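J.: Model the structure of this input:
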Amino acid sequence: MGAQAAGPLVLGVDSSTQSTKTLVVDAETGVVVARGQAPHTVGGGPGKESDPRQWWRALGEALAQCGDAARQVSAVSVAGQQHGLVTLDAAGEPVRPALLWNDVRAAGHSERLIAERGGARAWADRVGSVPGPAFTVAKWAWLRETEPAAAAVTTAVRLPHDYLTGRLTGEAVTDRGDASGTGWWASATGAYDTEILAHVGLSPEALPRVAGPGEAAGTVHAGELPLPRGALVAAGTGDNMAAALGLGLRPGQPVLSLGTSGTVYAVSTHRPADPTGTVAGFADARGDWLPLACTLNCTLAVDRVAALLGRDREAVEAGGEVVMLPFLDGERTPNLPGASGLVHGLRHDTTAGQLLQAAYDGAVFALLRALEQVLDADAAAGTPLLLIGGGAKGRAWRETVRRLSGRPVVVPEAQELVALGAAAQAAGLLLGEDPAAVARRWGTARGTEYEAQPRDDAALHRLAATLTDADTLLRR
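T.: Sure thing, here's the model as predicted:
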């Protein structure tokens, strides 16, 4: 292993909803010299919850798979799923399972908080985002009301990545990227908002210090993991911010991620503040901003339509004028939480392949429409769209994005971009470099390039008109 490494080794961790992934990376070249992965479980029932201690166990299991390489790393960074509420008691133990980002039981509390603190515009101006049910502030409000005994014994509140960083270092540290998804870190001031915290009954002393870009959280002090004591630990960040680092994004470079949910984002030098709530005004991990929009219905929804039609997911056919809005799980962007899937324009000569293509069109349309709000003055119209996530491997997804966007598309070869971005952050800390510049040196955004196609404005018009005309149905 040592002969393969041109420079020092760094560790990038991706602690997601479903698993922990670890990459040991050569800090100079970006070559991955070892990797590991261990699963998480998410509790059933009405909510989405996980015991934070299993994330720590999964980290240990994934590191064990990395062998001796893990014991030779000089710096570590942990990226994690955003928004999750981790509550700790005076001994540092979890009070209850963490409420995950996709736990929507706080929807009513989200609406009340928005109304109580001046409305959507006031939240966007102050915090950068309108706090939906995913945001940590809504989850804390829900916990205080529904489980007051648990809230009463909580002395520390953390995000998932903070919890792991804290166990590694013994320090209470977060970063501005992940903190910007809480609803109590104000992008306008770059600090915790004491008025919002007072409103939800949370002491600032219960929260971690927000480290600046390029600042260390501490060093490895936990002896039970196969990591060298004293190795530098970066502040870490949220998973979307880490993926942006992993791609080495420059301002204005659009990204479209096709997974269970779909996301569009771009680094910006301008602080976002969207009062419609479509765009989350996140900070990035470097000092800029990461406006982002997310849809609920992406690859799983289209796969479900393919299964209903008895077709392979790639078996699409062109032609026809059928429109599908595949909002099978309700939808977040546009904000239609009670919506179901809708088909319009079905004819005798409509084929199953055309219907499947319509599902792809509906999912991609929602993302591209959100991208128009994400992009700002930093973005040039002809900039290639970076296509990532599991769907990026599918020809039907790629060709639909090309046809409806009218942009060139690049599908990067690099995989595990969240863990790779965490590794770039660790390398940047170790080497005193900008982590995005480190990722660009590693060539992480290199991949197959596809030329722009003429945009299918007729299909976009049909989709937009159907969405408008069906508004009453979709809101039932």
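J.: distance of the spatially closest residue to residue 351 that is not a sequence neighbour from residue 359?
T.: Distance criterion Cβ to Cβ, 6 or more residues apart in numbering; nearest residue to residue 351, sequence neighbours excluded, is residue 317 at 5.4 Å. (C-beta placed from N, C-alpha, C; glycine too.) Separation of residue 317 from residue 359 (Cβ to Cβ, to the nearest Å) stands at 12 Å.
J.: For those two, indicate the residue with more neighbours.
T.: Neighbour count, other Cβ atoms under 10 Å: between residue 317 and residue 359, residue 359 has more, with 29 against 14.
J.: right, and that one touches residue 299 too?
T.: No: Residue 359 lies out of contact with residue 299 (Cβ atoms under 8 Å); the separation is 10.7 Å.
J.: Just want the phi and psi numbers for the spatially closest residue to residue 391 that is not a sequence neighbour.
T.: In this structure, residue 391 finds its nearest non-sequential neighbour in residue 258, 2.7 Å apart by Cβ to Cβ, 6+ apart. Phi and psi for residue 258, reported as degrees, to the nearest 10, are phi -110, psi 100.
J.: same question, residue 86
T.: Recorded main-chain torsions at residue 86 are phi -110, psi 120, according to degrees, to the nearest 10.
J.: returning to what we had before: what score does the residue nearest to residue 391 have for pLDDT?
T.: Model confidence at residue 258, given as pLDDT, is 96.
J.: could you give me the average pLDDT of whichever strand or helix holds residue 427?
T.: Assigned by DSSP states H and E, residue 427 belongs to helix 417-431. The average of the pLDDT scores along helix 417-431 is 97.
J.: tell me, what residue is most central in the chain?
T.: By Cα atoms, centre = their mean, the chain has its centre lying nearest to residue 240, at 3.6 Å.
J.: In contact with the residue nearest to it when sequence neighbours are not counted, which residues?
T.: Nearest residue to residue 240, sequence neighbours excluded (Cβ to Cβ, 6+ apart): residue 292, at 5.9 Å. Contacts for residue 292 were tallied using Cβ atoms under 8 Å, 6 or more residues apart in numbering; they are 240, 263-265, 279-280, 282, 374.
J.: residues touching the nearest residue to residue 200 once chain neighbours are set aside, list them.
T.: Leaving aside its sequence neighbours, residue 200 sits nearest to residue 141 (Cβ to Cβ, 6+ apart; 5.2 Å). By Cβ under 8 Å, 6+ apart, the contact set of residue 141 is 106, 109, 112-113, 200.
J.: One more: residue 443?
T.: residue 30.
J.: Torsion angles phi and psi at it?
T.: With angles defined as degrees, to the nearest 10, residue 443 sits at phi 70, psi 30.
J.: buried residues in the longest helix anywhere in the chain?
T.: Taking DSSP state H as the criterion, the chain has its longest helix at helix 352-374. Residues 352-371, 373-374 are the ones in helix 352-374 that count as buried (16 or more other Cβ atoms under 10 Å).
J.: in the stretch 301-450 of the chain, which segments are predicted with low confidence?
T.: Nowhere does the stretch 301-450 of the chain drop to pLDDT under 70.
J.: Please, where are all the helices along it?
T.: All helices of the stretch 301-450 of the chain, identified by DSSP state H, counting those that start in this stretch, fall at 352-374, 395-405, 417-431, 435-442.
J.: got these as CSV, with distance to residue 452 columns?
T.: What follows is the helices of the stretch 301-450 of the chain, written out as CSV (distance: least, Cβ to Cβ, whole Å):
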stretch, distance to residue 452
helix 352-374, 14
helix 395-405, 7
helix 417-431, 24
helix 435-442, 23
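J.: Residue 79: which of these is closest?
T.: Ranking those by proximity to residue 79 (Cβ to Cβ) places helix 417-431 first, at 4.2 Å.
J.: Which neighbouring elements make contact with the closest one?
T.: strand 9-15, strand 19-26, strand 73-80, strand 232-234, strand 237-238, helix 239-246, helix 435-442 (3 or more Cβ pairs under 8 Å, 6 or more residues apart in numbering; DSSP states H and E).
J.: Tell me which of the ones you listed sits nearest to residue 458.
T.: Residue 458 lies closest, by Cβ to Cβ, to one member of the helices and strands packed on helix 417-431: helix 239-246, at 32.9 Å.
J.: ok now the closest one, how far from the chain's centre?
T.: 8 Å (Cα atoms, centre = their mean, to the nearest Å).
J.: ok, now stretch 88-99?
T.: Worked out by Cα atoms, centre = their mean, stretch 88-99 lies 24 Å from the chain centre.
J.: nearest residue to residue 202 other than its sequence neighbours?
T.: Counting by Cβ to Cβ, 6+ apart, residue 202 lies nearest to residue 140, which is 6.0 Å off, once chain neighbours are set aside.
J.: and what of residue 90?
T.: In space, and not counting its chain neighbours, residue 90 is closest to residue 155: 4.9 Å by Cβ to Cβ, 6+ apart.
J.: show me the contacts for the one you found.
T.: 88-90, 206.
J.: Which ones among the residues you listed map onto strands?
T.: Secondary structure from DSSP state E places residue 88 of the contacts of residue 155 in strands.
J.: who touches the residue nearest to the centre of the chain in this structure?
T.: Going by Cβ under 8 Å, 6+ apart, residue 240 touches 82, 263, 265, 282, 290, 292.
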